[in-house]
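Trainee: 3D, please:
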Amino acid sequence: TLEGFWRGWTNIVMLFIGGLCGGLIGLLDEYPQYFNLKIWQQTLIAWFIVLGIEYSSGMLLNVWLGIGLWDYSSMPANLNGQICLIYAILWFPLIPFGIWLDNWLRWKLFDE
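Mentor: Got it, this is the predicted structure:
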């Protein structure tokens with residue numbers, strides 16, 4: 001959804017990539033070893049998860065399969081055109097909202 005607002009279009013594959021990111025981020029406070037982490041610590045771990053998924057899915061879908069969902073090769077400080085520093089920095093402040101949304105949904109939908 002964020003990509004659709006930002007670029008004006010998206011691809012159905014992005015739903016699965018975003019869902020994978022959201023699902024993994026949601027697991028960060030579901031296990032006791034992570035439960036006592038502060039929000040900034042969860043955010044930092046989640047940030048690396050998002051960047052890792054974005055990079056690996058970009059390499060698979062964009063480079064190897066040639067689908068061409070995104071291309072950051074013209075952006076400064078990019079890694080193989082799949083992730084770049086500018087968007088990586090923009091993701092960081094958005095991640096706590098994803099963590100809070102996951103917690104709220106689990107509370108409302110599953111009474112957790």
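Trainee: only C-alpha atoms for contact and neighbour calcs from this point on.
Mentor: Fine.
Trainee: remind me, longest helix of this structure?
Mentor: Taking DSSP state H as the criterion, the chain has its longest helix at helix 85-110.
Trainee: All the strands of the protein, residue numbers only.
Mentor: Per DSSP state E, the chain carries strands over the ranges 78-79, 83-84.
Trainee: Distance to Ile95 added to the ones you listed, as JSON lines?
Mentor: Shown next, in JSON lines, are these (distance: least, Cα to Cα, whole Å):
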{"stretch": "strand 78-79", "distance to Ile95": "20"}
{"stretch": "strand 83-84", "distance to Ile95": "16"}
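Trainee: Show me which of those strands has the highest average neighbour count.
Mentor: Stretch with highest mean neighbour count among those: strand 83-84 (a mean of 22; mean count of other Cα atoms under 10 Å).
Trainee: Leaving out the residues flanking it, which one is nearest to the most centrally placed residue in the chain?
Mentor: The residue lying closest to the centre of the chain (Cα atoms, centre = their mean) is Val50, at 3.5 Å. Computed as Cα to Cα, 6 or more residues apart in numbering, the closest residue to Val50 that is not its neighbour in sequence is Cys21, at 5.8 Å.
Trainee: so Glu54 makes contact with Ile83?
Mentor: Yes. The pair Glu54 and Ile83 qualifies as a contact (Cα atoms under 8 Å) at a distance of 6.8 Å.
Trainee: neighbours around Pro96, how many?
Mentor: Here the number of neighbours of Pro96 (other Cα atoms under 10 Å) works out to 19.
Trainee: Tell me who's in contact with the closest residue to it other than its chain neighbours.
Mentor: Sequence neighbours aside, Thr43 is the residue nearest to Pro96 in space, at 6.0 Å (criterion: Cα to Cα, 6+ apart). For Thr43, the contacting residues are Phe92, Ile95, Pro96, taking Cα atoms under 8 Å, 6 or more residues apart in numbering as the criterion.
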